[in-house]
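>>> This is a predicted model, with the sequence first.
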Amino acid sequence: MDEVDVAQELQDAHLRRLLAARVYALPRGEAARQCVTCGGPIPEERRQAMPGCQNCVSCQTAAERAIKEAR
């Protein structure tokens, strides 16, 4: 194995760790039927696509935007 192979293996291992951390961080459990922020309904499609979601798309987008702007 040369230096390039070793570097590639290290990069691959790092990428696998990052992906595993992202998968672990995904919401789990039963999704809420109503948004915890605004009280509006959460569509069934969103509940199936995002298990464990607690906010409607509008409120989740606003929350993510606020976090991004705070950085």
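Noted; the coordinates are in hand.

>>> count of residues packed around Glu60?
Just so we're on the same page, residue 60 is Gln rather than Glu. For Gln60, the tally of surrounding residues (other CB atoms under 10 Å) stands at 17. Bear in mind the C-beta positions are built from the backbone N, C-alpha and C, glycine included.

>>> cool, Lys68 as well?
So Lys68, with other CB under 10 Å, has 8 neighbours.

>>> Quick one: mean pLDDT for the helix or strand hosting it?
Using DSSP states H and E, Lys68 sits in helix 57-70. The average pLDDT within helix 57-70 is 94.

>>> One more: stretch 31-41?
94.

>>> Mind listing what's buried along that stretch?
Ala31, Cys35 (16 or more other CB atoms under 10 Å).

>>> Distance from the chain centre to that stretch, please.
Relative to the chain's own centre, stretch 31-41 is displaced by 18 Å; criterion: CA atoms, centre = their mean, to the nearest Å.

>>> which other residues reach that stretch?
42, 46-48, 50-56, 58-59, 63 (CB atoms under 8 Å, 6 or more residues apart in numbering).

>>> for that stretch, how far is the first residue from the last?
By CA to CA, to the nearest Å, the extent of stretch 31-41 from end to end equals 11 Å.

>>> Likewise for stretch 18-33?
31 Å.

>>> and the helix holding Lys68, how far from the chain's centre?
13 Å.

>>> buried set for it?
So, applying 16+ other CB under 10 Å, buried residues of helix 57-70: Cys59, Gln60.

>>> Ok, stretch 6-14 next?
So stretch 6-14, judged by 16+ other CB under 10 Å, has zero buried residues.

>>> Equivalent analysis for stretch 14-34, please.
Result for stretch 14-34 [16+ other CB under 10 Å]: buried residues Ala31.

>>> Touching the helix holding Lys68 from outside, list them.
Helix 57-70 is touched from outside by Cys35, Thr37, Cys38, Gly40, Arg46, Cys53, Asn55, with contacts defined as CB under 8 Å, 6+ apart.
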